[in-house]
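Trainee: Kindly generate the corresponding structure for this input.
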Amino acid sequence: MSTVPDLRRFRAAYAKHRAAEGRGGGGEAELLALPYLRRGPLRRQWRVRARTFQRFLDAVVAARVFEVAPRRLRVLDLGAGNGWLCYRLALAGHHCIALDSRDDAVDGLRAADAYRAHLPAMFGRIVASFEALPLAPAVADIAVFNASLHYALDLRRALEEAVRVVRSGGRIAVLDSPFYRTAEDGEAMVAEKKAQARRLFGERAEVLTAPPFIEYLTVERLEEASGGLGLRWRRHRVAYPLSYELRPLIARLRRRRPPSRFDLWEATVP
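Mentor: Residues are numbered from 1 along each chain as shown. Have a look, this model is predicted:
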């Protein structure tokens, strides 16, 4: 049975869910501030994501800029949402394409309309999935999974496609996807997430949890899916806010499962 109808229902339900969380509620001012959001109900989440983004700029973007100089970078933002990462890189003069399966105006690709007036040239936007990128081979210097790789339906296929569209010597980066030390911890998170969805969302939970996303990563899972692709993954540890760094200790004291960790993961395409 095809999963396409379920994915369409999921996208519509997820847009409503994101709006209920407060996404997109701050209008243009909020979009222009991302990821350095100082106000609003989501500011703590963005404090964490801003740290990852800065590490990405320092460890991945800066190195690749040096390698391809004097031309500008070509960057694919996979799972771009409202396109904030492309906006930031486009401000620096790089050529970007924002790709996402959602094009709603909450925090999907249509929300990026707000950036147009603030850029000399608007970045590209494509509605597509990670597993089937409508792009020619070797078109990008960097492909970044932007808080999104855990939404892949097929991890191996998503990585194959990323390798295909990135030039030799280019980088694949994974930002803000939950990594666990063990698959057991990841599966425990998935079970908790689904139980919480049933409590909070009732009938909507069936739609929101229906797609078979991979949901989480482990080092072993990432390396297994990368087998034969020539990717050697490197973790760049990110110095997160103290409240985030204390989460493992708090979980132990409360006798809960270990939490995930984000950080930045990078591999060079052979």
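
Trainee: just checking, R167 is part of a strand?
Mentor: Yes - remark: R167 belongs to a strand, assigned using DSSP: H, G, I helix; E, B strand; the rest coil.

Trainee: Enumerate every residue touching it.
Mentor: Going by Cβ atoms under 8 Å, 6 or more residues apart in numbering, R167 touches A138, V139, A140, D141, V269. Just so you know, the C-beta spots here come from the backbone N, C-alpha and C atoms, and that holds for glycine as well.

Trainee: quick one: which of those residues has the most company?
Mentor: Within the contacts of R167, most neighbours by other Cβ atoms under 10 Å means A140, with 27 neighbours.

Trainee: which residue ranges form the strands in the stretch 1-150 of the chain?
Mentor: Secondary structure of the stretch 1-150 of the chain (DSSP state E, counting those that start in this stretch): strands at 74-78, 95-100, 124-127, 140-146.

Trainee: Dump the ones you listed to CSV, plus mean pLDDT and distance to R198.
Mentor: Formatted as CSV, the strands of the stretch 1-150 of the chain follow (pLDDT from 0 to 100; distance: least, Cβ to Cβ, whole Å):
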stretch, mean pLDDT, distance to R198
strand 74-78, 98, 30
strand 95-100, 98, 27
strand 124-127, 98, 30
strand 140-146, 98, 28
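
Trainee: Let's have the ones you listed in CSV, adding distance to G227.
Mentor: Converted to CSV, the strands of the stretch 1-150 of the chain look like this (distance: least, Cβ to Cβ, whole Å):
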stretch, distance to G227
strand 74-78, 20
strand 95-100, 25
strand 124-127, 28
strand 140-146, 18
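
Trainee: All set now, cheers.
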